[in-house]
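A.B. asks: Provided below are the primary sequence and the corresponding predicted coordinates.
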Amino acid sequence: MVKNILTSFCLFLMISSCSHSGSMSVADKKPNIIIIFTDDQGYQDIGCFGSPDIETPHLDNMAKEGIRLTDFYAAQAVCSASRAGLLTGCYPNRIGVHLAFMPNSNRGLNLSETTISEMLKEINYKTGIFGKWHLGDHPEFMPNRHGFDEYFGIPYSNDMWPMHPQQGPVFNFDPLPLYENETIIDTLTEQHSLTKQITERSIEFIEDHVEQPFFLYVAHPQPHVPLFVSDAFKGKSKRGLYGDVIMEIDWSVGQILASLKENNLDKNTLVIFTSDNGPWLSYGDHAGSAFPLREGKGTALEGGQREPCIIRYPNKIEPGRVIDVPMMAIDILPTIAEITGAKLPETKIDGKSVWSIWTGESEESPQEAYYFYYHVNELHGIRYGNWKLYYPHTYRSMNGREGGTDGVPADYEYNTIESIELYDLSNDLGETNNVAEVHPEIVEKISALGDSIRLELGDKLTGQEGIGTRMIGEIK
């Protein structure tokens, strides 16, 4: 009798211990991280950011359940550089990444740089990228060499292939390769199902890693031209093919969020949605809208780098708020490091954690200013508080003309800023009123910051060599 009582008591302790241990493991589990990154999406191309003719119910609801950042910037106004800044927390020119990598290049993101995926793998995260890479297509620079356990997608932009129905030959490259990790599993001549495939693979990744913290990087190739959409969304929007594409991306976001809820992961998952740069305006009806901002992709002006950004993290971030504190994609890596307890890279980065701003504990930016470089290391502009200053430089523009139609671009014209321009973004979001002469003290302050960053990162426009830049990866 006593033996039976003791046995029962021991069994009770074992069950209690296991139950307690299990609950602790759930409570102590590190948060999952998802970044959804689109390509060439305009500031206004989401309902909650003011789109008059594109319906995005899932993103709008994500904003209601999270926060909407109105003054969020891509790291640079072009594909590869922007992605390098996002994944490393560095200004792209610090790490030698300028503009966009071409296929069959012997260059790529240096393996000595620490990506978000590598940082999180150090604390036992599973990591996956589904979509566009564009940080070097040589085998030495592909995602699996930069901390990603799984990769499915294309190695560069979706227009880097030999034939497009409306345009004829675009680039003299091989057909667009579709990769599974380091193996080409298909060559694409059309991409109607690619958004759907990326979404399905992302959901499979979530379901495969319910018990282990994960970092999921969903890098949609759309809405970069040429535009492709599945039959399920073709003709569904009021904005033509471009609107159809955005609606399918919105559906994809909804599917990913639904998967998190179905697997009881949504309350412990940080989801970030944003884009790599502004709209490619020369493509007209196949391009997005940066309204009310000035210009688009390929410029340091607001329309080139200010992007829609929505962040959702239930129980950690108070929902339904709109934040106008300036931030940049370089701040995401250090913010994730603070949230997860990961160790920051040993090499110098430029981003700073903005977690206290997301949570509402602070309204002050940890950055004194943000710097806008373009071309090969040209310092074009600086954001300082509500001020935006531009140095003399040349930029492309449609100058009020309509862009092309049906996937055929119109030609850009080129404008030159002859002397320093200053804009008060709090009163002049469209950058129409140059107030440099009215505020010489602000010009002097920002110019001093410009002198400082030139010493660190250089500036081709002034011939300044930077002392803090590092080498791009290169296969000799």
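C.D. replies: In hand now; what should we look at?
A.B. asks: use CA for all of it now, contacts and neighbours both
C.D. replies: Noted.
A.B. asks: how far is stretch 412-428 from where the chain is centred?
C.D. replies: Put simply, stretch 412-428 sits 25 Å off its chain's centre (Cα atoms, centre = their mean, to the nearest Å).
A.B. asks: Quick check: end-to-end length of it?
C.D. replies: 25 Å (Cα to Cα, to the nearest Å).
A.B. asks: tell me the mean pLDDT for it?
C.D. replies: Stretch 412-428 comes out with an average pLDDT of 98.
A.B. asks: Could you list the buried residues of that stretch?
C.D. replies: Across stretch 412-428, burial judged by 16 or more other Cα atoms under 10 Å covers 420, 421, 422, 423, 424, 425.
A.B. asks: Phi first, then psi, for residue 250.
C.D. replies: Main-chain torsions, residue 250, degrees, to the nearest 10: phi -60, psi -40.
A.B. asks: How many residues are close by it?
C.D. replies: 18 (other Cα atoms under 10 Å).
A.B. asks: pretty sure residue 245 contacts residue 224?
C.D. replies: No. Shown here, residue 245 and residue 224 do not form a contact pair, counting by Cα atoms under 8 Å, at 9.8 Å.
A.B. asks: who's more crowded, those two?
C.D. replies: Neighbour count, other Cα under 10 Å: between residue 245 and residue 224, residue 245 has more, with 28 against 24.
A.B. asks: separation between the closest residue to the more buried one other than its chain neighbours and residue 240?
C.D. replies: Take residue 245 and drop its neighbours on the chain: the residue closest to it by Cα to Cα, 6 or more residues apart in numbering is residue 229, 5.5 Å away. Noted for residue 229: a distance of 11 Å to residue 240, by Cα to Cα.
A.B. asks: hang on, residue 186 in a strand?
C.D. replies: Yes. Secondary structure assignment places residue 186 in a strand (DSSP: H, G, I helix; E, B strand; the rest coil).
A.B. asks: Enumerate every residue touching it.
C.D. replies: Residue 186 makes contact with 177, 178, 179 under the criterion Cα atoms under 8 Å, 6 or more residues apart in numbering.
A.B. asks: how about 10 Å then?
C.D. replies: Residues near residue 186 by Cα atoms under 10 Å, 6 or more residues apart in numbering: 175, 176, 177, 178, 179, 180.
A.B. asks: Got the confidence number for it?
C.D. replies: pLDDT for residue 186: 96.
A.B. asks: Bridge partners for it, pull those for me.
C.D. replies: residue 178 (DSSP bridges).
A.B. asks: Does the closest residue to residue 265 other than its chain neighbours belong to a helix, a strand or coil?
C.D. replies: Leaving out its chain neighbours, the residue that sits closest to residue 265 by Cα to Cα, 6+ apart is residue 210, at 7.5 Å. The three-state assignment at residue 210 reads coil, by three-state DSSP.
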